[in-house]
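J.: kindly generate the corresponding structure for this input.
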Amino acid sequence: VLGGSKRVKDNVTDIEKLLNLHGVSPKVASNWNEWEVYVQEHKPSLLIALPHTDGTEGDVTVEIGGSTVKTITLRETHIFPPPANGRQAPLVAFIGCDIASTAYEYGSHVVALRARGAGIIIGTIATVFGEHAAEVAGKLVEGLLMPANAQPVRLGELIRTIRRNSLRDGLLMPLCLVAYGDADWIISPGVARSV
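T.: Numbering: from 1, shown residues only. Here you go, the predicted model:
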């Protein structure tokens, strides 16, 4: 499932095209209600949100498509709806535009998303403008949706490779990319095909 702030609408379209090039047809949510419906219906292994965030402490909000909710009000049905039935918890790329204050506000997103069933949360730890958030998400998608003949790789190694390749290409924003969860998760070709 893919969704983004109304501030990055065009960038979400670019990520959708990139996913389609890799043989994945994402469900693009225009608001949090639609996001929740798609997650419940399709039980995706990869969730990509480019939300705008605002607020502090317990009042932190996230917006996609003009629809704003408090992070703490997101439910399991937004992330990993029951029953689990042996399914792998999803990887959540939560790359917000304007996420500031690296410790507290972003930490509240991570805590809420993990509590709702996210296996891994990948995000940024600095203020990221919408266009840059989409670049970071694009680099992440390219790394996650590897060719069918690629060797499996640990998530921590994948993040390192994305950072290194981004620096080589002159992009600094992916240096803000961080993963919360188990860096030893193995990413294999063909696994993250449900978005």
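
J.: do I have it right that residue 25 meets residue 19?
T.: Yes - with contact defined as Cβ atoms under 8 Å, residue 25 reaches residue 19; the gap is 7.4 Å. No exception for glycine: its C-beta is placed from N, CA and C like everyone else's.

J.: more crowded one of these two?
T.: residue 19 (23 against 11; other Cβ atoms under 10 Å).

J.: can you list the weak-confidence ranges in this structure?
T.: Counting by pLDDT under 70, the ranges of the chain that qualify are 57-58, 97-108, 127, 129-130, 183, 190-195.

J.: just the helices in it please.
T.: All helices of the chain, identified by DSSP state H, fall at 9-21, 32-42, 76-79, 104-115, 130-144, 155-168.

J.: ok, the residue lying farthest from the centre of the chain to residue 47 distance?
T.: No residue in the chain sits farther from the centre than residue 149, which is 24.4 Å out by Cα atoms, centre = their mean. Look at residue 149 and residue 47: by Cβ to Cβ, to the nearest Å, they are 26 Å apart.

J.: which strand residues bridge the spatially most central residue of the chain?
T.: Central residue of the chain (Cα atoms, centre = their mean): residue 93, 1.3 Å from the mean position. Counting by DSSP bridges, residue 93 is bridged to residue 48, residue 122.

J.: and it, what does it touch?
T.: Contacts for residue 93 (Cβ atoms under 8 Å, 6 or more residues apart in numbering) come out as 46-49, 122-123, 137, 140.

J.: swap the cut-off to 7 Å and go again
T.: Applying Cβ atoms under 7 Å, 6 or more residues apart in numbering to residue 93 gives the contacts 47-48, 122, 137, 140.

J.: where neighbours are concerned, which of the residues you listed has the most?
T.: residue 137 (28 neighbours).

J.: from residue 123, how far out is the spatially closest residue to it that is not a sequence neighbour?
T.: Closest residue to residue 137 apart from its sequence neighbours, by Cβ to Cβ, 6 or more residues apart in numbering: residue 95 at 5.0 Å. According to Cβ to Cβ, residue 95 and residue 123 sit 6 Å apart.

J.: what about the two, which has more around it?
T.: residue 95 (29 against 23).

J.: how close does the nearest residue to residue 179 once chain neighbours are set aside sit to residue 92?
T.: Nearest residue to residue 179, sequence neighbours excluded (Cβ to Cβ, 6+ apart): residue 122, at 4.9 Å. For residue 122, the distance to residue 92 (Cβ to Cβ) stands at 7 Å.

J.: now swap in residue 132 and tell me
T.: For residue 132, the distance to residue 92 - Cβ to Cβ - is 19 Å.

J.: which of the two has more neighbours?
T.: Between residue 132 and residue 92, counting by other Cβ under 10 Å, residue 92 is the more crowded of the two (29 against 21).

J.: so what's that one up against?
T.: Residue 92 sits next to 47, 79, 113, 118, 120-121 when contact means Cβ under 7 Å, 6+ apart.

J.: good, wrapping up.
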